[in-house]
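One predicted model, sequence on top.
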Amino acid sequence: MLSSDAGLPALREVERRLGVADRLPACIDAPRDPACALHSMQEILRLRMLMIAAGEEDGVYALRADPVFKMALERSAGARDGRPP
């Protein structure tokens with residue numbers, strides 16, 4: 001697989017060791033109904049951090065199926081992406 005984002009899995013490992021996405025939600029006041037949330041706040045923040053690191057613009061739905069992003073986020077190829085219908 002060729003991708004310009006091949007460094008994302010390594011960056012994900014750095015983020016995991018630092019625990020940024022796990023600690024950051026405590027600093028954000030964003031109440032959510034767990035029954036309605038498809039993705040955790042940690043997953044959302046982790047994806048956004050990786051998108052910024054990759055130089056991608058905000059709200060790029062095309063990346064929801066990108067195999068390197070899915071690998072970096074530890075999501076299976078068939079995982080739901082949470083895109084609005």
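Done, it's in.

pLDDT below threshold where in the protein?
1-3, 58-64, 76-85 (pLDDT under 70).

If we use 50, what do you get?
84-85 (pLDDT under 50).

Can you pull up the most central residue in it?
residue 47 (1.9 Å; Cα atoms, centre = their mean).

Once you drop chain neighbours, what's closest to that one?
residue 73 (6.1 Å; Cβ to Cβ, 6 or more residues apart in numbering). (Each C-beta comes from the backbone N, C-alpha and C, glycine too.)

pretty sure the one you found contacts residue 48?
No: between residue 73 and residue 48 there is no contact under Cβ atoms under 8 Å: 11.0 Å.

Pick out whichever of these two has more residues nearby.
Neighbour totals were compared for residue 73 and residue 48, and residue 73 leads with 17 against 13 (other Cβ atoms under 10 Å).

Show the contacting residues for that one.
Residue 73 is in contact with 12, 43, 46-47, 50, counting by Cβ atoms under 8 Å, 6 or more residues apart in numbering.

rewinding a little: which phi and psi does the residue nearest to residue 47 have?
phi -90, psi 0 (degrees, to the nearest 10).

re earlier: gap between the residue nearest to the centre of the chain and residue 6?
17 Å (Cβ to Cβ, to the nearest Å).

thinking again about what came up before, would you tell me what the next helix or strand after the host helix or strand of the residue nearest to the centre of the chain is?
Take DSSP states H and E as the rule and residue 47 turns out to sit in helix 41-53. Toward the C-terminus, helix 41-53 is succeeded by helix 67-72 as the next helix or strand (DSSP H and E).

and that next one, how far from the chain's centre?
Centroid separation between helix 67-72 and its chain, computed with Cα atoms, centre = their mean, to the nearest Å, is 9 Å.

Alright, calling it a day.
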